[in-house]
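> Okay, predicted coordinates and the sequence, questions at the end:
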Amino acid sequence: MQFVESKDLKPGMRLAKPIYNKDGVLLYERNTKLSLQVINYIQNFMLIGIYVLEPAEPLAPLSREDIEFEQFQTISMFQLRNNINLLKNEKPPKTLMLLVDSIIQKYGSLDHKFQFNQDIRSSGDFVYKHSICVAILAAMITHKLGANSQIQRSIVTSALLYDFGYIFVAQNILDKGDDLSEEDKKAIQHARTTAYNILIRVANFFEFPDNSLAYISQMVRYGTHSTMAGDPHVTWLDGTRILQVSDTFDHMTAMNLNKQPTSELRAYDIIKTSTSKYDKDVVKALGACIHILPKGSCIDLLNGEKALVLEENQSDFSRPLILLFKDNSLYDLKNPNIYAKVQIKDVMKTMDNRIIFDEKTLEQFAVDEHLKKTTERYQKSKRRKLLRQRAKA
């Protein structure tokens, strides 16, 4: 899979990801061959580019949940942009709370871990895409922490609006990515403060959820992406702590034209070890909400070897059951003796930050009879251990 800018698209290329319109209607399915008509539509739709498959690359499998997530991001991005355009002109956002409720309904009550993948971003649309993804992460984290619906609405609303001010920032500054001068940072801060003051004025005739403006105020006044999250002189609100973690994680792992994404594992480790900046309970909740090292992850080990995650560890994702490529040997990293010698360095990713291996790739390893029996013994042993723990309880 490779990313190709719209101006460089050629007939015959195949779509690696589906294309939806602003209402979420599927326009072009994956594996569609580009024609001049499709290319013209993509360019007129103001897409900066798309993912295409390599000439001989097979279509990678996507779960129904993955497909729905991509569709939801597209619909939500356009909804948020419409509401922010209204706020820009100091008019009440007509469908903002409907968007908040749809995010909470879909992702604020999940009972399983979620595969979190973002769309590629440009300087022209990152505000909307970033805000939507932060809101989704915040909805999942608040649910995991046991927050009630009122608190969820406040935090998700704040997630959608605290970066609103970036629409006032000059394009040449946005195109720099993270390579900003002090003057650039001052210009961005001024724009964000301007946007926050607009929200205060709009609040005179539009009812924002309780505390949402307070969370936004802290995110605007003290910065995001970890710049001021560790200030000991600030009494951080609980909602702000959730936004800080969600903001930094999405900022690090999202793919854009200015930087390659950081893997979920690396991003999580950075946030987790920054104990003075981020709330440990919020970070733990994030790790419990999304897949960090799911089954099928292709990984680099600290000893230079490469391996495959065969079974995810639900209690500690950093210690899964892995298969070493070199000799097809199994290592259960839950075992302290093994973990002392074999540790994971990072995840190998494709350009759009997806896991390289799929279910069909995993199936080939089951052909090895020795490996199959070893895996079965491991699973039986784990089941017996679980039964003994339950009997003892």
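That came through, no problem. Residues are numbered from 1 along each chain as shown.
> Name all residues that make contact with E312.
Shown here is E312, whose contacts under the criterion CB atoms under 8 Å, 6 or more residues apart in numbering are H291, L293, P294, K295, P320. The C-beta positions use only the backbone N, C-alpha and C, and glycine is treated the same way.
> Burial check on the nearest residue in space to K129 that is not next to it in sequence, number of neighbours?
Spatially, and ignoring its direct neighbours in sequence, K129 is nearest to R121 (5.0 Å; CB to CB, 6 or more residues apart in numbering). By other CB atoms under 10 Å, 19 other residues sit near R121.
> now the chain, which segments are flagged as low pLDDT?
For the chain, the stretches with pLDDT under 70 are 1, 46, 223-232, 257-258, 349-393.
> Could you chop it up by domain?
2-53, 64-289, 298-392 (automatic domain parsing).
> Of all pairs in the contacts of E312, which one spans the longest distance?
Across the contacts of E312, the longest distance by CB to CB is 11.0 Å; it joins H291 and P320.
> Looking at those two, which has the bigger crowd around it?
Taking other CB under 10 Å, H291 and P320 do not tie; P320 has more neighbours (25 against 19).
> ranking the domains of the chain by burial, who's on top?
Across those, averaging neighbours per residue (mean count of other CB atoms under 10 Å) puts domain 64-289 on top, at a mean of 18.
> Which residues are in contact with the nearest residue to S123 once chain neighbours are set aside?
The shortest distance from S123 to any non-neighbouring residue, by CB to CB, 6+ apart, is to L174 (3.7 Å). Listed by CB under 8 Å, 6+ apart, the contact set of L174 reads S123, G124, F126, Y166.
> ok, so of those residues, who is nearest P93?
Distance to P93 across the contacts of L174 (CB to CB) is lowest for Y166, with 16.7 Å.
> Just to be sure, the closest one is in a helix?
Yes: assessed by DSSP: H, G, I helix; E, B strand; the rest coil, Y166 belongs to a helix.
> Number the chain from 23, please
That works, and once the first residue is 23, the last one we named lands at Y188.
> wait, it sits on Q211?
No: using CB atoms under 8 Å, Y188 is not in contact with Q211; the gap is 11.0 Å.
> where do the helices sit along the chain?
Using DSSP state H, the helices found in the chain span residues 58-66, 86-110, 118-129, 148-166, 171-183, 193-196, 204-224, 234-243, 260-275, 286-295, 302-311, 358-361, 381-385, 391-414.
> Just send these back as TSV, with distance to S28 too.
Formatted as TSV, these follow (distance: least, CB to CB, whole Å):
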stretch	distance to S28
helix 58-66	5
helix 86-110	16
helix 118-129	27
helix 148-166	17
helix 171-183	27
helix 193-196	17
helix 204-224	27
helix 234-243	33
helix 260-275	24
helix 286-295	28
helix 302-311	34
helix 358-361	47
helix 381-385	31
helix 391-414	45
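> List the contacts of the nearest residue to K29 once chain neighbours are set aside.
Nearest residue to K29, sequence neighbours excluded (CB to CB, 6+ apart): Q65, at 7.5 Å. Neighbour list for Q65: S28, K29, L31 [criterion: CB under 8 Å, 6+ apart].
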